[in-house]
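>>> This is the structure alone, sequence omitted:
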């Protein structure tokens, strides 16, 4: 039985940056349960969960390969969309620490491009119903226990490498909020916690632990092991995203 939130998206086009990844591709499958929803996936295929699957065989899906730092490419991919989900970013502790400048560049420039393009679409009369920005639970700091969206964010000293990702994501939240405040854009930022589940690609901790355990290898834990995490199963974040849309 189709959910009410899915039925409310009937007849629309949903564009997802970073859409070929774990969360984006799973969301696409949910959206395609209705045969009158079009889905556009924009991705550089660095973390690819779609090209070896049957997802691209669906007639209502289109993959556009590109970089979110390319404004013209973003404009082409988002053209005609009513819903825009901006998921594209550099992720994974090791990847972020090894590529701190790229991490911030993709997050900041990519979000600026998406918002600028969406705003131009609004100004020309396009029906932009929602722009969703993926932030992160990392903005709450190292010990995010029972936090809510109203709780204060907490970032560490500039010299700590782990905050590179969080500070760039917090900046994108302010960008989205200010596009709403100044232009009335229907934007919202969400702060996903640690997502895991089937078809995960990349270096998420549970994914990493399970793969190494099955191979009989030791598990690597960053820092001193005192940090805590809240795990969110993929189906639950997809349910949440449908309600946000």
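Sure thing, it's come through. Small disclaimer: the values here were computed from a predicted structure and weren't measured. Numbering: from 1, shown residues only.

>>> contacts and neighbour counts: CA atoms only from here.
Fine.

>>> What is the distance between stretch 196-208 and the centre of its chain?
Relative to the chain's own centre, stretch 196-208 is displaced by 15 Å; criterion: C-alpha atoms, centre = their mean, to the nearest Å.

>>> What's the mean pLDDT across that stretch?
Stretch 196-208 carries an average pLDDT of 81.

>>> lowest-pLDDT helix or strand in this protein?
Per-element confidence for the chain was summarised using mean pLDDT, DSSP states H and E. The lowest value among helices and strands belongs to helix 93-98, with a mean of 78.

>>> which residues touch that one?
Contacts of helix 93-98 with the rest of the structure, by C-alpha atoms under 8 Å, 6 or more residues apart in numbering, involve 90, 103, 161, 162, 164, 165, 203.

>>> do that again at 7 Å, thanks
90, 103, 161, 162, 165 (C-alpha atoms under 7 Å, 6 or more residues apart in numbering).

>>> Distance from the chain centre to that helix, please.
17 Å.

>>> buried residues in that helix?
93, 96, 97 (16 or more other C-alpha atoms under 10 Å).

>>> Not counting residues beside it along the chain, what's closest to residue 192?
With C-alpha to C-alpha, 6 or more residues apart in numbering as the measure, residue 136 is the residue that lies nearest to residue 192, at 5.3 Å, once sequence neighbours are left out.

>>> could you measure that neighbour against residue 90, distance?
For residue 136, the distance to residue 90 (C-alpha to C-alpha, to the nearest Å) stands at 12 Å.
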